[in-house]
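# Predicted structure and sequence below. I'll ask about it afterward.
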Amino acid sequence: MQATYASNPAQSLGRLHNEKESSFRDNFQRDRDRIIHCSAFRRLKHKTQVFVEHESDYYRTRLTHTIEVAQVARTISAVLGLNSELTEAVSLAHDLGHPPFGHTGEEALNGLMAEHSGFDHNAHTLKIVTLIERHYAAFDGLNLSWETLEGIVKHNGPLLMEVAPYIKDYDTIHKLNLCDYASAEAQVAAISDDIAYNSHDLHDGLRADLFSIEELGSLPLLSECFQEVDRKYPQINQYRRQHEALRYFLGMLVDDVLKEAQKTFVKLAPKSSDDLRKAGFKVIGFSDELDRNLDVIRSFLFERMYRAPSVIKMRENVTVIVRELFAAYTNDPMLMPKKWQEDLASVSSDTSIVSLVCDYVAGMTDRFAIAQYEKLFGKQIKIFCD
């Protein structure tokens, strides 16, 4: 049952373009469905989470990560009495703007765009759902509700310092109150992202032999999980042991978030969703103690997984692909598909051409970027982690 402080779809601030209400879905359900059916969502299937997507059928991709985030977020949202549909919509959309090869691709594009607008995957997500997706007759983008757009832009907190140019420009025509906190539902999506990747990256790192079960068992929080598994199942094999321990770990993180939020809600006694927005701080988060312990795990993953020599080599190789593709399309935009060439007719400056090329490259999947690189340059590049 939803609480009085849950975001109410019937009280939505609406959409940029007026539309007739659906007869069988509320505003947030409609947003969620549009996100699931958009092209950018499908392409997440072949985009990197940590490992390039074709390296193994078992590693997380950007799509499986997104689904895991949405599952955790719906659970937390439902227990707290928040609106699960809005939470799910923000969760499903939060990574739409990631380019091929994950954060490595983002860093490469940001460097290439440094003299123009830069590149930020969060801003690019907004651009996708408000402009780049072009399936509807009456408008560009998905025409999502204000609450979903707000959550996409501000789920990690208010934008108080440097604001990405596209977000700043969009805010002039559709105010998203950038200096305020987003809804509690969007904050749930953000913390669920943390929970999901901290949990599943441990799974994937083990599978890649970047560290051992024994090393994980010596880390804070995880040591408790392994001890509990060993107490309950002393004869279990190592594969099941690690899975059970990491399952306990995920549950531990979710339980901590729920307890902290429930204490916060009791103190605030919110009567509306705006009461939570205007609390002046994040109302959804980990306890201080758990967050300190989680920082140790984050540091471990950074050193042993994200900066592992094999991963660094893969990052160097995919950076070459992004840079050379970007240069090729910038030098000859007619190399882009016909659909993108049509947009060149409305381009009035070199900056606009570069921005269009950036949008095209950012939309590529890992395997499409690799295929285009091989096609344009007639050479292969090894990008496996081994």
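Right, received. Where do you want to start? Numbers count the residues shown, from 1 in each chain.

# Outline the domain layout of this protein.
9-150, 184-308, 310-377 (automatic domain parsing).

# wait, which of those is closest to residue 169?
domain 9-150 (9.5 Å; CB to CB). Just so you know, the C-beta spots here come from the backbone N, C-alpha and C atoms, and that holds for glycine as well.

# Endpoint to endpoint, the closest one covers what distance?
Taking CA to CA, to the nearest Å, domain 9-150 runs 14 Å from one end to the other.

# Now for residue 257: which residues touch it?
76, 191, 195, 284-286 (CB atoms under 8 Å, 6 or more residues apart in numbering).

# between the residues you listed, which is closest to residue 59?
residue 195 (18.4 Å).

# ok, the residue located most distally from the centre of the chain - contacts?
The centre of the chain is farthest from one residue, residue 235, which by CA atoms, centre = their mean lies 38.3 Å away. Listed by CB under 8 Å, 6+ apart, the contact set of residue 235 is empty.

# The same query, at a cut-off of 10 Å, please.
With contacts defined as CB atoms under 10 Å, 6 or more residues apart in numbering, residue 235 is in contact with residue 241.

# Quick one: classify it as helix, strand or coil.
Secondary structure for residue 235, judged by DSSP: H, G, I helix; E, B strand; the rest coil, is coil.

# How about the backbone phi and psi for it?
Dihedral angles of residue 235 (phi, psi; degrees, to the nearest 10) stand at phi -100, psi 10.

# Same check on the one 10 residues further on?
With angles defined as degrees, to the nearest 10, residue 245 sits at phi -60, psi -40.

# Next one: it from residue 112, what distance?
42 Å (CB to CB, to the nearest Å).

# So which of these two has more stuff around it?
residue 245 (23 against 20; other CB atoms under 10 Å).

# The more buried one contacts residue 229, correct?
Yes: look at residue 245 against residue 229 with CB atoms under 10 Å: they come within range, at 4.9 Å.

# between these two, what contacts are shared?
Counting by CB under 10 Å, 6+ apart, the residues touching both residue 245 and residue 229 are 217, 236.

# next structured bit after the helix or strand of the chain with the lowest mean pLDDT?
Sorting the helices and strands of the chain by mean pLDDT, DSSP states H and E puts helix 338-344 at the bottom, at a mean of 86. Later in the chain than helix 338-344, the nearest helix or strand by DSSP states H and E is helix 350-362.

# Give me the buried positions along that next one.
Within helix 350-362, the residues scored as buried using 16 or more other CB atoms under 10 Å are 353-362.

# now stretch 10-24
For stretch 10-24, the neighbour count (16+ other CB under 10 Å) marks 12, 15-16 as buried.

# ok, now stretch 359-375?
Under 16+ other CB under 10 Å, the buried positions of stretch 359-375 are 359-366, 369-370, 372-373.

# would a markdown table of the residues you listed with distance to residue 93 and pLDDT be doable?
As requested, the buried residues of stretch 359-375 are arranged in a markdown table below (distance: CB to CB, whole Å; pLDDT from 0 to 100):
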| residue | distance to residue 93 | pLDDT |
| --- | --- | --- |
| 359 | 17 | 96 |
| 360 | 20 | 97 |
| 361 | 20 | 98 |
| 362 | 15 | 97 |
| 363 | 15 | 97 |
| 364 | 19 | 96 |
| 365 | 18 | 95 |
| 366 | 20 | 93 |
| 369 | 22 | 95 |
| 370 | 26 | 93 |
| 372 | 26 | 96 |
| 373 | 28 | 95 |
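
# Please convert those residues to JSON lines, extending it with distance to residue 200.
Putting those into JSON lines (distance: CB to CB, whole Å) gives the following:
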{"residue": "359", "distance to residue 200": "29"}
{"residue": "360", "distance to residue 200": "30"}
{"residue": "361", "distance to residue 200": "27"}
{"residue": "362", "distance to residue 200": "24"}
{"residue": "363", "distance to residue 200": "25"}
{"residue": "364", "distance to residue 200": "24"}
{"residue": "365", "distance to residue 200": "20"}
{"residue": "366", "distance to residue 200": "18"}
{"residue": "369", "distance to residue 200": "23"}
{"residue": "370", "distance to residue 200": "24"}
{"residue": "372", "distance to residue 200": "29"}
{"residue": "373", "distance to residue 200": "28"}
